[in-house]
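Undergrad: just the structure for this:
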Amino acid sequence: MVRDLCAEGLHFRYREKPVLDGADLDIREGEVFGILGPNGCGKTTLLKNLNRNLSPESGRVLIGDDDIADMAKKDIAREIAAVPQGNEIRFSFTVRDIVAMGRMPFQRQFEGESSSDGEIIDQAMRDVGIWNMRSRHINEMSGGERQRVIIARALAQTPRYLLMDEPTNHLDINMQFEVLDLVHRLSREKGLTVVIVSHDLPMAARYCDRAALIADHRVMCCGTPEEVLTPENMRLVFGIDAELTKDSKTGMNSVILHGSVRRN
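TA: Numbers count the residues shown, from 1 in each chain. Model (predicted):
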């Protein structure tokens with residue numbers, strides 16, 4: 001059964017400041033979907049509304065026909081996993097300890113880890129290539145390694161949807177490609193729907209099947225990278241002279257940034 005993730009008419013404000021003003025999204029099952037826009041436009045707020053970390057003033061979020069406002073938090077966590085913007089963990093947990101936390105929505109209070117939980121945890125570590133790191137401590141790892149651990153923790157939730165907030169922030173350029181290659185592969189192999197918040201237009205063009213462009217606290221447009229990342233839209237929303245093109249070596253979409261433009 002197809003279960004798209006949809007937002008309908010979301011309004012949200014922090015104190016008196018409007019952040020979302022009637023945002024609509026239709027995220028299709030199995031795609032990599034980008035939420036794009038400049039800093040402060042409401043991207044992260046929109047993402048947090050999709051799994052009810054924040055609740056809208058009005059509007060609703062649907063998983064298929066189910067309104068998440070009527071769902072228990074634990075039931076939402078069985079459908080939607082999140083990779084937050086920061087991956088700093090202050091305590092010296094092992095990699096396996098961290099990944100095992102992804103099974104918490106499926107466990108009763110004071111109930112230990114089942115054999116099936118263990119199999120899912122182990123598979124999540126294998127899927128992201130950290131099986132050989134399972135006994136290492138998280139605070140001794142590089143940023144890229146930690147990001148893989150957080151993704152494995154999310155996969156251990158066995159979600160339909162993976163929400164990622166600026167997943168390549170603070171990573172070296174080679175690790176940015178490795179993390180997004182991994183996420184793209186998992187979407188294709190497991191049918192996982194991935195939603196990525198980003199202001200990195202070249203990376204979004206390369207990896208996203210479709211994207212929404214946020215401007216003035218609304219969804220300005222939604223579609224394929226070719227439909228969304230037009231020179232006119234990038235000039236209007238980001239204030240840059242840029243064009244979408246095909247990478248001559250890989251055949252994948254890319255964005256060439258020519259420079260800033262003066263906004264009227």
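Undergrad: helices of the stretch 101-250 of the chain, residue ranges please.
TA: Listed in chain order, the helices of the stretch 101-250 of the chain (DSSP state H, counting those that start in this stretch) span 115-127, 143-155, 173-190, 201-207, 225-228, 231-238.
Undergrad: contacts for the longest one, please.
TA: This points to helix 173-190. Where contact means CB atoms under 8 Å, 6 or more residues apart in numbering, the residues beyond helix 173-190 that reach it are 30-32, 127-129, 142-144, 147-148, 151, 155, 162, 164, 167-168, 171, 192-194, 196, 200, 203, 206-207. Heads up, the C-betas are built off the backbone N, CA and C, glycines and all.
Undergrad: do the fifth one as well
TA: Residues from elsewhere that reach helix 225-228 (CB under 8 Å, 6+ apart): Leu36, Ala204, Ala205, Cys208, Arg210, Ala211, Ala212, Leu213, Cys221, Cys222, Leu244, Asn253.
Undergrad: again, only using 10 Å
TA: 34, 36, 201, 204-213, 220-222, 233-234, 237, 244, 252-255 (CB atoms under 10 Å, 6 or more residues apart in numbering).
Undergrad: low-confidence ranges in the stretch 51-200 of the chain?
TA: For the stretch 51-200 of the chain, the stretches flagged by pLDDT under 70 are 87-88, 109-110.
Undergrad: so which of the helices of the stretch 101-250 of the chain is nearest Leu20?
TA: For the helices of the stretch 101-250 of the chain, distance to Leu20 was read as CB to CB. The smallest value, 16.1 Å, belongs to helix 231-238.
Undergrad: roughly how far out does that closest one sit from the chain middle?
TA: In terms of CA atoms, centre = their mean, to the nearest Å, the centre of helix 231-238 is found 23 Å from the chain centre.
Undergrad: and the gap between the spatially closest residue to Asp200 that is not a sequence neighbour and Met133?
TA: Excluding its sequence neighbours, the residue lying closest to Asp200 (CB to CB, 6 or more residues apart in numbering) is Thr168, at 6.6 Å. Taking CB to CB, to the nearest Å as the criterion, Thr168 is separated from Met133 by 20 Å.
Undergrad: got it, and Pro18?
TA: With CB to CB as the criterion, Pro18 and Met133 are 44 Å apart.
Undergrad: where along the stretch 1-150 of the chain do the strands fall?
TA: All strands of the stretch 1-150 of the chain, identified by DSSP state E, counting those that start in this stretch, fall at 5-14, 17-27, 32-36, 58-63, 66-67, 80-83.
Undergrad: for those strands, which one ends up most surrounded?
TA: Highest mean neighbour count of the strands of the stretch 1-150 of the chain: strand 32-36, a mean of 27 (counted as mean count of other CB atoms under 10 Å).
Undergrad: first-to-last residue distance for stretch 36-56?
TA: The first and last residues of stretch 36-56 sit 20 Å apart, counting by CA to CA, to the nearest Å.
Undergrad: residues contacting the residue lying closest to Arg148 once chain neighbours are set aside?
TA: If you skip the residues right next to it in sequence, Arg148 has Val128 as its closest partner in space, 4.7 Å away by CB to CB, 6+ apart. The neighbourhood of Val128, defined by CB under 10 Å, 6+ apart, consists of 99, 147-155, 179, 182-183, 185-186.
Undergrad: quick one on the thing from earlier: reformat the strands of the stretch 1-150 of the chain as TSV; add distance to Arg90.
TA: Below are these laid out as TSV (distance: least, CB to CB, whole Å):
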stretch	distance to Arg90
strand 5-14	26
strand 17-27	29
strand 32-36	28
strand 58-63	31
strand 66-67	35
strand 80-83	18
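Undergrad: of the ones you listed, which is nearest Met104?
TA: Proximity to Met104 (CB to CB) singles out strand 80-83 among those, at 11.4 Å.
Undergrad: just give the nearest non-adjacent residue to Ala45, would you?
TA: Actually, residue 45 is Thr. It isn't Ala. Leaving out its chain neighbours, the residue that sits closest to Thr45 by CB to CB, 6+ apart is Val19, at 4.8 Å.
Undergrad: tell me how far the one you found lies from Pro56.
TA: Counting by CB to CB - Val19 and Pro56 are separated by 10 Å.
Undergrad: now Leu180
TA: In this structure, Leu180 and Pro56 are separated by 29 Å, where distance is defined by CB to CB.
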